[in-house]
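# I need the structure of the sequence given here:
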Amino acid sequence: MKTILVPIDHTPAAEHTLAYANKLAVRWPAEVVLLYCHQPDAAAGEPAAVLLAQEQRLRGLVERLRYQQLTRQNGRRIQYRYRVLAGCLHDHVQAEAAACAADLVVMGLAHIDCGQQEAPGNHAAAITALVGCPVLVVPAGRRTLPNRLVFSADFDALNLHLLPRLSGLANAFPGPLDLVQFYPRTARPRRRQLKQALGRAAAQLTWPTITEHLVEDEAPLEGVSEYCARTLAQLLIIAPANTAQLLRYFDLCYTQTQAYHTQIPVLVLQATEQPAADTCCEHCHERLAQEATAARLAAYRAAHWV
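Numbers count the residues shown, from 1 in each chain. So this is what the prediction gives:
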């Protein structure tokens, strides 16, 4: 059975995230694992009792939402697991995603962690860097499941090993899929090469209806937002090459101006890290991977909170 990991808090926006995950779990179908991380408070009482109270509160929210926005029959079909832990989400999400073998993480665009609110998208980008599965970032607000999808990437440089994992989500997100490759004017001589790269990517995907598009645009991010608005896309799929590129999608200027791509769910494919060339054995590769994870966590904790 498929598994959806949903990091959640008790903010109003989190209800919309859970409601979206519920609909997705019914359609796919999938089990939902709810992960709530609670910052301990010495004045609140015994930690075990506090965590138990938080779990009961979470169960009450789940029972209300599963029948409030779904039919009773569909609500009963969803299987839930609860993980209520002390500490911050970024300290636990990697291990929890691995433990439940998550196929997808569904989280809100603005998620409170450690009792502090980070700039929109920064938190989502940090969590995406910590888990190995695709991450679906859902902005606040009620919305239906998508039936029109856009996948925008640099397909000429895209690692095709990411695409089988994306194809595993085809039943969760059925509908026409547009593959969109943006390129600058200076890349006109490479149009044939880019078209071939689009074809190779399409051949790896299992959606029944796939359309390939080459679009000349000097500003790909603005271009994809306009493209999604023009085609009324309800889900944007991206495969950023690095965290900085991912953060650009959720830049404050786009969220404040309510750019179209910040108003629809964004599915992020995390690029698979390749083994370093100078690793002499699997043990060394594992050690370097752990060091890289620790470095990402350190960078996350050093981020400016607003």
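
# any idea how far Asp113 is from the nearest residue to Gln263 once chain neighbours are set aside?
Once flanking residues are discounted, Gln263 sits nearest to Pro139: 6.0 Å by CB to CB, 6 or more residues apart in numbering. For glycine as for every other residue, the C-beta is placed from the backbone atoms N, C-alpha and C. Plainly put, Pro139 is 17 Å away from Asp113 if you go by CB to CB, to the nearest Å.

# how near is the residue nearest to Gln263 to Glu216?
Taken as CB to CB, the span from Pro139 to Glu216 is 29 Å.

# got the contact list for Leu18?
By CB atoms under 8 Å, 6 or more residues apart in numbering, the contact list for Leu18 reads Val6, Ile8, Leu34, Leu61, Val62, Leu65.

# And for Tyr260?
By CB under 8 Å, 6+ apart, the residues touching Tyr260 are Ser225, Glu226, Cys228, Ala229.

# 7 Å - rerun?
Ser225, Cys228, Ala229 (CB atoms under 7 Å, 6 or more residues apart in numbering).

# Same check on Tyr249?
Gly121, Leu221, Ile238, His261, Val266.

# Now the fourth one: closest residue in space that isn't a chain neighbour?
On the basis of CB to CB, 6+ apart, the spatially nearest residue to His261 that is not a chain neighbour turns out to be Ser225, at 4.2 Å.

# The one you found: what secondary structure?
With DSSP: H, G, I helix; E, B strand; the rest coil as the basis, Ser225 sits in helix.

# returning to that earlier point: Pro176: which of the contacts of Leu18 is nearest?
Val6 (27.0 Å; CB to CB).

# Over the helix or strand encompassing that closest one, what's the mean pLDDT, rounded is fine.
Taking DSSP states H and E as the definition, Val6 sits inside strand 2-7. Regarding strand 2-7, the rounded mean pLDDT is 96.

# and that strand, which strands flank it?
strand 30-38 (parallel), strand 104-108 (parallel) (DSSP bridges).

# Reformat these as CSV; add mean neighbour count and mean pLDDT.
What follows is those, written out as CSV (neighbours: other CB atoms under 10 Å; pLDDT from 0 to 100):
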stretch, mean neighbour count, mean pLDDT
strand 30-38, 21, 95
strand 104-108, 26, 95
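
# Scan this protein for its longest helix.
helix 47-68 (DSSP state H).

# quick one: it to strand 30-38, angle?
Helix 47-68 runs at 140 degrees relative to strand 30-38, counting by axes from the mean of the first three to the mean of the last three CA atoms, to 10 degrees.

# Just the CA atoms of helix 47-68, as PDB, please.
Taking C-alpha atoms only, helix 47-68 is exported to PDB below (Å, rounded to 0.1, in the frame of the first residue of the first chain):
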ATOM      1  CA  PRO A  47       6.300  15.200  28.600                       C
ATOM      2  CA  ALA A  48       4.600  11.800  28.100                       C
ATOM      3  CA  ALA A  49       1.200  13.200  29.200                       C
ATOM      4  CA  VAL A  50       1.700  16.300  27.000                       C
ATOM      5  CA  LEU A  51       2.400  14.200  23.900                       C
ATOM      6  CA  LEU A  52      -0.600  11.900  24.700                       C
ATOM      7  CA  ALA A  53      -2.800  15.000  24.900                       C
ATOM      8  CA  GLN A  54      -1.500  16.300  21.600                       C
ATOM      9  CA  GLU A  55      -2.100  12.900  20.000                       C
ATOM     10  CA  GLN A  56      -5.700  13.000  21.200                       C
ATOM     11  CA  ARG A  57      -6.100  16.500  19.900                       C
ATOM     12  CA  LEU A  58      -4.800  15.300  16.500                       C
ATOM     13  CA  ARG A  59      -7.100  12.300  16.400                       C
ATOM     14  CA  GLY A  60     -10.000  14.700  17.000                       C
ATOM     15  CA  LEU A  61      -9.000  16.800  14.100                       C
ATOM     16  CA  VAL A  62      -8.600  13.800  11.900                       C
ATOM     17  CA  GLU A  63     -12.000  12.400  12.800                       C
ATOM     18  CA  ARG A  64     -13.700  15.700  12.100                       C
ATOM     19  CA  LEU A  65     -12.100  16.300   8.700                       C
ATOM     20  CA  ARG A  66     -12.400  12.800   7.400                       C
ATOM     21  CA  TYR A  67     -16.200  13.000   7.500                       C
ATOM     22  CA  GLN A  68     -16.600  16.800   7.100                       C
END
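
# Can you name every helix or strand that that helix contacts?
helix 12-27, strand 30-38, strand 80-86 (3 or more CB pairs under 7 Å, 6 or more residues apart in numbering; DSSP states H and E).

# 10 Å instead, please
Under the contact criterion of 3 or more CB pairs under 10 Å, 6 or more residues apart in numbering; DSSP states H and E, helix 47-68 touches helix 12-27, strand 30-38, helix 72-77, strand 80-86.
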